[in-house]
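**Q** Just the structure for this:
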Amino acid sequence: MELSIEQALQQGIAAHAEGKLEEAERLYRTILQSQPLHPDANHNLGVLAVSVNKAGAALPLFKTALAANPKIKQFWLSYIDALIKENQLNDAEQTIQQGKLQGVAGEILNSLEAQLASINETENVSNLSPSQARLNALLKQYNTGRFSDAESSALAITQEFPRHQFAWKVLGAVYEQAGRNSEAINANQTSVTLSPEDAEAHSNLGNTFKKQGRLDEAETSYKQAIALKPDYAEAHSNLGNTLYDQGRFDKAEASYTQAIALKPDYAEPHCSLGNTLYELVRFDDAEASYTQAIVLKPDYAQAHYNLANMLYELVRFDDAEASYTKAITLNPDYAQAHNNLGNTLKDQGRLNEAEASYNQAIALIPDFSEAHNNLGSTLKDLGRFEEAQASYTQAIALNPDFPEAHYNLGVIWFEHRQYSLAAEEFELSNNNISKPYMIQCSYLLEEEAIFYEKFDLLVDQGGINAIMGSLAFRSEFKYGIKKSNPFCSDPLSYVVKTDLNALYDFESIFVETARAVLSDNSISYRDQGHLTNGVQTAGNIFTQGKVPKTEIEKIIHAEIEKYRIKFKGSEEGFIKNWPTSYKIKGWLVCMQRGGKLAPHMHDSGWITGSIYINVPPKSETNSGNLVLCLSDQEHVPEVEKSQKSIIDVVTGSLCLFPSSLHHYTVPFQEKEERIVLAFDVIPIN
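**A** Residues are numbered from 1 along each chain as shown. The predicted model follows:
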């Protein structure tokens, strides 16, 4: 099948990059037989000619390419360089001036013009070079980290020998190391201009472009380096990094794979390939790549850290903790690793250890806003609300546009009934999580008109969540205006009670496991303002501690699926919009005599459940029972009995209900502990 012009060009570029010069030349010439003025084919054929020291043969090709498309900066650079190589200095000067008129970047042409001026000062300048001893001294200064001395030496050499490339190359590296990116680009562009066939110089220029976020230009530089030196593993790897930053993960994978093929013991592209495979949701392959990077370079802290991040997202907390710890051992000043280790410990319910990790991250980077925010969340769970508030406030001071910190501070104010202050923070957060809270603040502040305006707007935007479902009822009780309920208009009809004793070995699966968890010293407990005479475990019980809970989690998933199937024909919002993916977050609540839970709802839940591990014998009819209701009761003391339901629970009961329902427990006076495994179905975005 005959190739199209574009197919032939792409195959020619690929062959060129792989060093198959004869094949590339054949393909370029095939294009020119059909389209003699094709700019890319002419230019690339000229580059081939220059690479084999035939700059004279390249001149007409570059001239044709430039005439066909004068907007391509590289065409100007290639043509001018070839003219200089052929000592056609007057033509080179004229072409530089033409390029300026065409709007070609000034710094490139100014550099070329300076070189020509230097050449014209004396016939012999171009033959002069600094002594090898001087060059060796410059290289030693750079390699030993004496960057200030290296800068001074490189500047002196470039002033005396402006056409000697090496000093410009070192100067570019010095500027890049110092973060002086604009100066680094100028020096590296001069280096490339002086030696257009120096692949490393093109790669260095690409590195500087990438640091400035000029990814398209970085990509071009890396590809030029590869065209000049197809086996340049570092350039392939750097090109992969640029493609990764552009979100072009398939092409990034190909570049990393090529770098590894050329240099199998090169640890960096193995690690970067791991990042790319993770983005492509190929977790096993990603783990293998990170592991190989670590095998090749055991002290590679970044690879341990990246592996830990993936393991954390996969909820393999023990493995993640080990990898973060290794990264920190290798680099004790690794603030991000301390912060993320804190996240891992917090999710395991190890709040005191998490606090220490966040504090260490902050000690290393005092303006680390994310760590301040995470510390605030941990302090809140520990019941240290004033300290939590201070941490959130500090996170916001460091990063005023930090939605999560504004939301967390808003929750603090909300839970302390400071609704005006809470509303301000939720407004600043302004995301899908904070908007329902913001509406709830208007409701609690008696701002009826504002409440309904915001409520209707969020419903129109598709806001379906438990808070909106609850507010639809509560506002009706309060204002007498009935609104369509986006979540569930009749939640008490969607309560399901199941006897797990009849389905499973409840004693061994649930009771023994729960008691083992409560005896596990690694489990932490959080402050729970709704709870009287009891304790609640912190974090997610299914991702923490030493006691396996896999069987319980499987059973919960199975019962949730039964629930979904039971109501699958429903038109209620929470059924029609059932989350495509979700997680189960669970915790144990252990109450003593007189214990109770005040009315509350689980704001982030979709379905809420409770499994009754141990319910003391009832001395009164409803002692220790669960009460489900449409409102928190605070504003509607006259709520009828039909608007609430008392669930008679015993050991082995499972109760599932929409999370928009408020619920509380009837106090009990028996001596035995009342132990409940509570959980939420939480949608994953």
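**Q** all strands of the chain, in order?
**A** 496-499, 525-526, 531-537, 582-597, 607-614, 626-629, 644-647, 653-658, 662-665, 674-683 (DSSP state E).
**Q** among those, which is nearest residue 448?
**A** strand 662-665 (21.2 Å; CB to CB). Every C-beta, even on glycine, is put in place using the N, C-alpha and C of the backbone.
**Q** Rebuild the strands of the chain as JSON lines, extending it with mean neighbour count, distance to residue 215 and mean pLDDT.
**A** Output for the strands of the chain, formatted as JSON lines (neighbours: other CB atoms under 10 Å; distance: least, CB to CB, whole Å; pLDDT from 0 to 100):
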{"stretch": "strand 496-499", "mean neighbour count": "14", "distance to residue 215": "53", "mean pLDDT": "97"}
{"stretch": "strand 525-526", "mean neighbour count": "19", "distance to residue 215": "44", "mean pLDDT": "78"}
{"stretch": "strand 531-537", "mean neighbour count": "18", "distance to residue 215": "46", "mean pLDDT": "90"}
{"stretch": "strand 582-597", "mean neighbour count": "18", "distance to residue 215": "35", "mean pLDDT": "92"}
{"stretch": "strand 607-614", "mean neighbour count": "23", "distance to residue 215": "44", "mean pLDDT": "96"}
{"stretch": "strand 626-629", "mean neighbour count": "21", "distance to residue 215": "55", "mean pLDDT": "92"}
{"stretch": "strand 644-647", "mean neighbour count": "17", "distance to residue 215": "58", "mean pLDDT": "89"}
{"stretch": "strand 653-658", "mean neighbour count": "23", "distance to residue 215": "47", "mean pLDDT": "97"}
{"stretch": "strand 662-665", "mean neighbour count": "23", "distance to residue 215": "51", "mean pLDDT": "92"}
{"stretch": "strand 674-683", "mean neighbour count": "22", "distance to residue 215": "34", "mean pLDDT": "95"}
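**Q** Any idea which of those gets closest to residue 94?
**A** Closest among the strands of the chain, using CB to CB: strand 674-683, at 66.7 Å.
**Q** Distance from that closest one to the middle of the chain?
**A** Mean-position distance between strand 674-683 and its chain equals 29 Å (CA atoms, centre = their mean, to the nearest Å).
**Q** need the strands of the chain in TSV with distance to residue 201, can you?
**A** Below are those laid out as TSV (distance: least, CB to CB, whole Å):
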stretch	distance to residue 201
strand 496-499	70
strand 525-526	58
strand 531-537	60
strand 582-597	50
strand 607-614	61
strand 626-629	72
strand 644-647	75
strand 653-658	65
strand 662-665	69
strand 674-683	52
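**Q** Which of those strands sits closest to residue 143?
**A** strand 582-597 (50.7 Å).
**Q** Helices along the stretch 201-350 of the chain, start to end?
**A** Ranges of helices in the stretch 201-350 of the chain, per DSSP state H, counting those that start in this stretch, are 215-228, 233-245, 249-262, 267-279, 283-296, 301-313, 317-330, 335-347.
**Q** now the ones you listed in TSV, with distance to residue 74?
**A** Below are the helices of the stretch 201-350 of the chain laid out as TSV (distance: least, CB to CB, whole Å):
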stretch	distance to residue 74
helix 215-228	7
helix 233-245	16
helix 249-262	20
helix 267-279	26
helix 283-296	34
helix 301-313	33
helix 317-330	41
helix 335-347	38
